[in-house]
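Student: Give the three-dimensional model of this entry:
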Amino acid sequence: MKLKGVIRRFRRDCAAFGLWNTLQAFGIRAIQRVVRVKVLRAMYLTAVAPAFAVPGDLTARFLDRDTLQALSADSRYELSPAFLDAALSKGDECYAIMDGARLAAYGWYARTPTNLSDDLEVRFDDGYLYMYKGLTLDSYRGRRLHAVGKAGALAVYQPRGYKGLVSCVASDNLSSLKSNRRMGCVEIGSLWAIRIFGRDLTFRSPGCAAIGFDVVPLRRGGPSSRDRELVALGLE
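Tutor: Residues are numbered from 1 along each chain as shown. Now for the predicted structure:
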């Protein structure tokens with residue numbers, strides 16, 4: 001039964017995303033069963049098609065601390081007090097799509113290095129904002145609110161002097177990759193993080209290096225920046 005489920009998923013993904021993309025995704029998942037590895041696609045966004053406007057029945061805005069703390073009482077929103085304290089203390093902002101007083105979708109935007117996980121940190125050129133922790137509530141899925149939110153945030157940040165938004169997506173998350181490409185995100189390269197004998201090794205392709213986009217270990221004992229640069233050559 002398990003094998004039948006895998007076959008069904010493979011066929012479904014092939015129909016939606018193509019054979020080559022599906023083979024890559026299944027290959028990554030197979031490797032992850034043996035080795036702790038993250039394979040990310042890095043991308044940036046500097047322009048969005050007008051089609052991604054806020055729907056007429058919804059509104060969009062940045063949420064202040066009081067609003068976020070009130071929303072944190074609802075577990076569906078995944079806004080724990082610990083997360084809010086960490087994000088707001090470093091100046092991150094939440095741009096949200098609202099249905100009246102209800103939260104429909106949101107994304108977080110950072111100006112400074114940001115944790116990707118407990119062990120890894122994302123760093124990027126200060127000419128960009130890093131978009132992370134995007135969420136769309138189940139009842140609002142299918143309305144492209146992730147793209148709508150990114151478009152709205154970009155329209156606010158660019159007049160402030162920022163070039164655009166950067167983000168990273170797991171290489172086997174084919175649906176999210178397709179959504180980002182559809183809205184105009186440009187892929188710039190790959191980021192890898194591999195745990196070997198308790199040590200995190202990270203690599204980036206030249207495209208990521210060109211705009212200062214990187215993922216680095218937070219744990220002591222990780223490779224130096226020079227080590228990462230040497231290993232990154234030729235990974236594009």
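
Student: Tell me where the protein has strands.
Tutor: 36-45, 59-62, 93-99, 102-110, 114-115, 120-123, 128-136, 164-170, 186-196, 199-204, 214-217 (DSSP state E).

Student: Just put those in a markdown table and tack on mean pLDDT, distance to residue 7 and mean neighbour count.
Tutor: Where C-beta positions appear, they are placed from N, C-alpha and C, glycine not excepted. Converted to a markdown table, these look like this (pLDDT from 0 to 100; distance: least, CB to CB, whole Å; neighbours: other CB atoms under 10 Å):
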| stretch | mean pLDDT | distance to residue 7 | mean neighbour count |
| --- | --- | --- | --- |
| strand 36-45 | 89 | 23 | 20 |
| strand 59-62 | 97 | 41 | 16 |
| strand 93-99 | 97 | 37 | 21 |
| strand 102-110 | 97 | 33 | 23 |
| strand 114-115 | 94 | 37 | 18 |
| strand 120-123 | 94 | 33 | 18 |
| strand 128-136 | 95 | 29 | 21 |
| strand 164-170 | 93 | 22 | 22 |
| strand 186-196 | 90 | 28 | 18 |
| strand 199-204 | 88 | 33 | 20 |
| strand 214-217 | 93 | 33 | 21 |
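
Student: Could you export those strands as a markdown table, including distance to residue 178?
Tutor: Shown next, in a markdown table, are the strands of the chain (distance: least, CB to CB, whole Å):
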| stretch | distance to residue 178 |
| --- | --- |
| strand 36-45 | 11 |
| strand 59-62 | 23 |
| strand 93-99 | 20 |
| strand 102-110 | 17 |
| strand 114-115 | 24 |
| strand 120-123 | 22 |
| strand 128-136 | 15 |
| strand 164-170 | 10 |
| strand 186-196 | 12 |
| strand 199-204 | 23 |
| strand 214-217 | 22 |
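
Student: if I pick the closest residue to residue 137 other than its chain neighbours, what's in contact with it?
Tutor: Closest residue in space to residue 137, ignoring its immediate chain neighbours: residue 104 at 5.8 Å, by CB to CB, 6 or more residues apart in numbering. Residues near residue 104 by CB atoms under 8 Å, 6 or more residues apart in numbering: 58, 96, 97, 98, 136, 137, 140, 145.

Student: and if you look at residue 182?
Tutor: Residues near residue 182 by CB under 8 Å, 6+ apart: residue 147.

Student: Residue 146 now?
Tutor: So residue 146 contacts 105, 107, 134, 136, 179 (CB under 8 Å, 6+ apart).

Student: do residue 170 as well
Tutor: Counting by CB under 8 Å, 6+ apart, the residues that residue 170 touches are 38, 39, 40, 41, 176.

Student: can you put those residues in JSON lines and add distance to residue 158?
Tutor: Output for these, formatted as JSON lines (distance: CB to CB, whole Å):
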{"residue": "38", "distance to residue 158": "30"}
{"residue": "39", "distance to residue 158": "30"}
{"residue": "40", "distance to residue 158": "24"}
{"residue": "41", "distance to residue 158": "23"}
{"residue": "176", "distance to residue 158": "23"}
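
Student: Just the closest of those to residue 51, please.
Tutor: For those, the minimum distance to residue 51 (CB to CB) is 18.6 Å, reached by residue 176.

Student: count of residues packed around that closest one?
Tutor: 15 (other CB atoms under 10 Å).

Student: Quick check: the gap between the closest residue to it other than its chain neighbours and residue 177.
Tutor: Leaving aside its chain neighbours, residue 176 sits nearest to residue 169 (4.9 Å; criterion: CB to CB, 6+ apart). Residue 169 sits 5 Å away from residue 177, going by CB to CB, to the nearest Å.

Student: what residues do the two have in common as contacts?
Tutor: residue 41.
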